[in-house]
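> A predicted structure for the sequence below; I have some questions about it.
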Amino acid sequence: MKVRKKLTRPVLLMLLLAGALFTAGCSLWNTIDSSLDYVNEATSYVNDATAFAQGLPDLAQQAVLDPAARDQLEQSFVTMKDNITAFNGLTAPEFASEIHQKLLSYNETLLAEINTYLEQLKTNVIDLEALQQSPMMQTLSNITDTLGQLKELGQ
């Protein structure tokens, strides 16, 4: 015959508390992990935007005379649009919401500009001076400027 011990109230309470702490700990790790993922994704996006901004003037200049460069310029615009769409689909953690909202606002302007230039490329119009003076270049500069803020979030 087995003797069954009855759990005392303090032991039962400690077991419940331990289980709750374990569950909360897992939730905390998930929150930290998703926060780091966001910072990494946002940093990657800003780096891509920076590379796009740096290569755009030269690529546009080449595209004036070279149809292959024109195709490459068009693909560069399409790739940047895809990057913007992917970034806009991210959910920012609470601590990054201000930066995320800034980036979403910049992205709205950038998408409009990219669509304008894609339309111009369809009609074989490339205005280098207009491109260099466009709001797109300032917007890309603004996006690039958020890199320092994102690095601070990651620390």
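Arrived safely. Numbers count the residues shown, from 1 in each chain.
> And the pLDDT for Trp129?
Small correction: residue 129 is Glu, not Trp. Glu129 is assigned 76 on the pLDDT scale.
> Please apply the same query to Asn107.
Looking at Asn107, its pLDDT is 96.
> With the one 5 residues further on instead?
Turning to Ala112, the model gives it a pLDDT of 94.
> Quick one: name whatever helix or strand follows the strand or helix carrying it.
Ala112 is part of helix 97-122 when elements are defined by DSSP states H and E. Downstream of helix 97-122, the next assigned helix or strand under DSSP H and E is helix 128-132.
> Show me what that next one is packed up against.
helix 9-65 (3 or more C-beta pairs under 8 Å, 6 or more residues apart in numbering; DSSP states H and E). For glycine as for every other residue, the C-beta is placed from the backbone atoms N, C-alpha and C.
> Quick one: mean pLDDT over the helix it packs on.
73.
> Stretch 144-155 now?
Averaged across stretch 144-155, pLDDT comes to 78.
> And it, what's buried?
Thr144, Thr146, Gln149, Leu150, Leu153 (16 or more other C-beta atoms under 10 Å).
> what do you get for stretch 37-52?
In stretch 37-52, counting by 16+ other C-beta under 10 Å, buried: Tyr38, Val39, Glu41, Ala42, Thr43, Tyr45, Val46, Asp48, Ala49, Thr50, Phe52.
> Over to stretch 76-83?
In terms of neighbour count (16+ other C-beta under 10 Å), stretch 76-83 has its buried residues at Ser76, Phe77, Met80, Lys81, Asn83.
> Just send these back as CSV, with distance to Gln138 too.
Listed next are those as CSV, based on distance: C-beta to C-beta, whole Å:
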residue, distance to Gln138
Ser76, 18
Phe77, 17
Met80, 15
Lys81, 18
Asn83, 18
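> Nearest to Ile99 among those?
Asn83 (16.8 Å; C-beta to C-beta).
> residue contacts, Val64?
Listed by C-beta atoms under 8 Å, 6 or more residues apart in numbering, the contact partners of Val64 are Ile126, Leu128.
> Grab the nearest non-local neighbour of the residue sitting nearest the centre point of the chain.
Nearest to the mean C-alpha position of the chain, by C-alpha atoms, centre = their mean, lies Ala42 at 3.3 Å. Using C-beta to C-beta, 6 or more residues apart in numbering and skipping the chain neighbours, the partner closest in space to Ala42 is Leu150 (5.2 Å).
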